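1. All I have is the shape, not the residue letters:
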């Protein structure tokens, strides 16, 4: 089975790009961020504190998370595609995903997916921790301003109440947390194909990746 791994910061367009690449190659698309967001949502519903690590890990072990190539996310049979994108879940997910024990369980689940099909997997540590031997590795980036614009437009379209300033602050905080966590930190390496999408269209980014992996 082949693995295309895509890492990058919040709002860099990884999901949109990975979904389309998977579609064109007839691979399975895996959004690892959505998996962590499901755990974040469950912890909020259970009123768990962020430091109740054992209970949070237990939530994942008993959760049925299904991802579709259309970007839908199902948690125990419930469509939570929009619920996991709320500001409350977003604010918590960075802390939740820093739990070492949780990441260990999550990595196991993610690696199992590659034993069943060719996959395009995107996240923060896919090229470095989950699949360090991936067939192709990419780091998709964009400026903070461009990522803020993208996320702001997405939230407005979904009817999520927010401001440009709050989105920017959230992205900057997330960037810091993602790059400084003790395990699974977002890291650039020489093995990754680096793509700055700040001034690129979606099609230009996809074409760049497709030219590297081959039609």
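-> Arrived safely. Computed from a predicted model, the values in this text were never measured in an experiment.
2. Quick one: low-confidence residue ranges for the chain.
-> Within the chain, the stretches with pLDDT under 70 are 215.
3. For this structure, which segments are assigned as helices?
-> 14-25, 32-45, 53-61, 87-96, 100-113, 144-157, 164-180, 202-213 (DSSP state H).
4. okay, now residue 98: neighbour count?
-> Neighbourhood size, residue 98 [other CB atoms under 10 Å]: 20. Using the backbone N, CA and C atoms, a C-beta is placed for each residue, glycine as well.
5. Could you list everything residue 137 pairs with in the sheet?
-> In this entry, residue 137 is beta-bridged to residue 5, by DSSP bridges.
6. which ones are touching it?
-> Listed by CB atoms under 8 Å, 6 or more residues apart in numbering, the contact set of residue 137 reads 5, 7, 127, 189, 191-193.
7. For the residue nearest to residue 18 when sequence neighbours are not counted, which residues are in contact?
-> Of all residues not flanking residue 18 in the chain, residue 122 sits nearest, at 4.2 Å (CB to CB, 6 or more residues apart in numbering). Residue 122 sits next to 5-8, 14-15, 17-18, 30-33, 140 when contact means CB under 8 Å, 6+ apart.
8. Those into CSV, with extra columns for distance to residue 58?
-> Putting the contacts of residue 122 into CSV (distance: CB to CB, whole Å) gives the following:
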residue, distance to residue 58
5, 28
6, 29
7, 28
8, 30
14, 28
15, 27
17, 33
18, 29
30, 23
31, 22
32, 20
33, 21
140, 33
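9. Nearest to residue 158, out of those residues: which one, please.
-> Nearest to residue 158 among the contacts of residue 122, counting by CB to CB, is residue 15 at 13.8 Å.
10. Return the residues in contact with the closest residue to that closest one other than its chain neighbours.
-> Residue nearest to residue 15 in three dimensions, not counting chain neighbours: residue 31, with 5.7 Å by CB to CB, 6+ apart. Taking CB under 8 Å, 6+ apart, we find residue 31 in contact with 15, 18, 67, 71, 73, 122-123.
11. Mind giving me the ChimeraX command for buried ones among those residues?
-> Selection of buried members from these for ChimeraX, criterion 16 or more other CB atoms under 10 Å:
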select :15,18,67,73,122,123
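12. Take the contacts of residue 31 and keep only those in strands.
-> In this view, those that belong to strands under DSSP state E are 67, 73, 122-123.
13. For the residues you listed, give me JSON lines that also has distance to residue 49.
-> Output for these, formatted as JSON lines (distance: CB to CB, whole Å):
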{"residue": "67", "distance to residue 49": "27"}
{"residue": "73", "distance to residue 49": "24"}
{"residue": "122", "distance to residue 49": "29"}
{"residue": "123", "distance to residue 49": "25"}
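14. and which of the residues you listed is nearest residue 40?
-> Nearest member of these to residue 40, counting by CB to CB, is residue 73, at 12.1 Å.
15. That closest one against residue 82, yeah?
-> No: under the criterion of CB atoms under 8 Å, residue 73 makes no contact with residue 82, lying 9.1 Å away.
16. and for those two, which residues touch both?
-> Shared contacts of residue 73 and residue 82 (CB under 8 Å, 6+ apart): none.
17. Neighbours of residue 199, how many?
-> Residue 199 has 9 nearby residues by other CB under 10 Å.
18. With that, I have no additional questions.
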